[in-house]
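>>> Please find the sequence and the predicted model below.
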Amino acid sequence: MGERRKNGTDPGRETGVAVRTRPKTKKPSLYRVLLLNDDFTPMEFVVEVLVRIFSKPPEEAARIMLHVHQNGVGVCGVYTFEVAETKVAQVMDAARRAQHPLQCTMEKE
Ligand code: TYC
């Protein structure tokens, strides 16, 4: 007798059109935004960046800055791709304007 198949799964007639009433949702990939240490950017500037661009409370900003200072690299936040990209660009722009060599990058979590 005929085998029962889910809607839209007849192998010869597959159209690729979603037919589920409640489509499976896909969680967006997340990206870590990283600050890199250097010998020249003032500590105060890094703290200001973390407060202004990453919305960190001043105490947490100071803690992250010191972690980067001591370990060479640190996470300032985890965001979806476009948000992470925007934060990196904002940091690099602020550093360039202030003529500090501060570097910021992102990596997939
Ligand atoms: N190492 C810098 C100094 O001693 C401070 C610093 C911290 C720079 C974190 C960059 O991402 C950084 N002035």
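Right, received. Where do you want to start?
>>> Could you use CA atoms for every contact and neighbour count after this?
Noted.
>>> Leaving out the residues flanking it, which one is nearest to Y31?
K108 (4.3 Å; CA to CA, 6 or more residues apart in numbering).
>>> wait, isn't the one you found in contact with R32?
Yes. Between K108 and R32 there is a contact at 6.2 Å, judged by CA atoms under 8 Å.
>>> Now I53: closest residue in space, sequence neighbours ignored.
The shortest distance from I53 to any non-neighbouring residue, by CA to CA, 6+ apart, is to K87 (6.7 Å).
>>> And the helices in the chain, which stretches?
Ranges of helices in the chain, per DSSP state H, are 43-52, 58-71, 81-98.
>>> of all those helices, which lies closest to T21?
helix 81-98 (28.2 Å; CA to CA).
>>> Counting by contacts, list what that closest one packs against.
strand 30-36, strand 103-108 (3 or more CA pairs under 8 Å, 6 or more residues apart in numbering; DSSP states H and E).
>>> Next, the buried residues of it.
81, 84, 87-88, 91-92, 94-95 (16 or more other CA atoms under 10 Å).
>>> what's near enough to touch the residue nearest to Y31?
Residues in contact with K108 (CA atoms under 8 Å, 6 or more residues apart in numbering) are 29-32.
>>> Check these against L102 and report the nearest one.
Closest to L102 out of the contacts of K108 is R32 (16.9 Å), distances taken as CA to CA.
>>> residues contacting that closest one?
R32 touches 75-79, 84, 106-109, counting by CA under 8 Å, 6+ apart.
>>> That one bridge partners, please.
Taking DSSP bridges, one finds V78, E107 as the beta-bridge partners of R32.
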